[in-house]
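Novice: sequence first, predicted coordinates after that:
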Amino acid sequence: MKLFIKNMVGVQCKRKVEKELERLEIPFRFIDAGVVELYHELTLKQRNQFKENLLRCGLKLHEEKKCILIEKIKNAILEMIQYSEKYSVLNYSEYLSKKLNYDYTYLANIFSEVKGVTIQQYIIFNKIERVKELILLDDLNLSGISYKLNYSSVAHLSSQFKKVTGFSPSVYKLLNQKRAALLETF
């Protein structure tokens with residue numbers, strides 16, 4: 001059985017969910033971003049207690065089918081961005097359709113209806129977040145980042161970056177270096 005959890009992003013959230021499952025003695029196969037796979041169905045009592053405990057942690061158990069589908073879309077997009085080298089041959093619409101077994105138009109309409117933004121806007125925002133991470137890691141130059149995230153060119157990456165953040169990638173990197181240097185003085 002799979003459970004879908006809203007706002008479950010990052011290691012800290014996974015640990016909170018794992019703690020709650022262990023506290024309630026609910027065995028699980030794995031925990032991933034937004035998804036928990038259990039060995040067995042939950043009893044109503046377990047489900048309600050788990051749901052209540054998650055709320056105290058700032059997390060929410062998804063109940064509605066549309067919300068569950070949205071979480072699946074978001075997780076698929078984040079997976080595709082994180083492991084972009086692996087998925088370079090597919091475009092996002094093909095990937096989402098194949099992974100989730102739905103027509104892309106249906107997925108796009110549901111996503112826009114529930115989230116208030118298009119899938120494309122969500123992808124761009126998350127790609128830029130990934131670009132920020134890679135810029136700060138300083139392992140790749142902009143050309144390498146552009147290639148890694150399947151941008152058509154460095155100019156396209158830079159244009160999207162500036163549209164989303166208000167800064168060019170080089171200014172963003174410089175501001176973060178200055179910020180880090182300032183923090184070191186304290």
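Specialist: Now that the structure is in, tell me what you want to look at.
Novice: identify the residues contacting the residue minimising distance to the centre of the chain.
Specialist: Centroid-nearest residue in the chain: residue 78, 4.0 Å away (criterion: C-alpha atoms, centre = their mean). Contacts for residue 78 (C-beta atoms under 8 Å, 6 or more residues apart in numbering) come out as 33, 126. Bear in mind the C-beta positions are built from the backbone N, C-alpha and C, glycine included.
Novice: what residues of the strand or helix carrying it count as buried?
Specialist: Taking DSSP states H and E as the criterion, residue 78 maps to helix 65-82. Buried residues in helix 65-82, counting neighbours by 16 or more other C-beta atoms under 10 Å, are found at 67-81.
Novice: and it, how far out from the chain's middle?
Specialist: 7 Å (C-alpha atoms, centre = their mean, to the nearest Å).
Novice: which is the next helix or strand following that helix?
Specialist: Remark: after helix 65-82, the chain's next helix or strand is helix 92-100, criterion DSSP H and E.
Novice: can you give me the angle that following helix makes with helix 65-82?
Specialist: 120 degrees (axes from the mean of the first three to the mean of the last three C-alpha atoms, to 10 degrees).
Novice: same for helix 92-100, what does it pack against?
Specialist: helix 65-82, helix 104-115, helix 119-137 (3 or more C-beta pairs under 8 Å, 6 or more residues apart in numbering; DSSP states H and E).
Novice: if we use 6 Å, what do you get?
Specialist: Here helix 92-100 touches helix 65-82, helix 104-115, going by 3 or more C-beta pairs under 6 Å, 6 or more residues apart in numbering; DSSP states H and E.
Novice: now do the first one, average pLDDT.
Specialist: Just to be clear, that refers to helix 65-82. For helix 65-82, mean pLDDT is 86.
Novice: quick one: it to helix 119-137, angle?
Specialist: 40 degrees.
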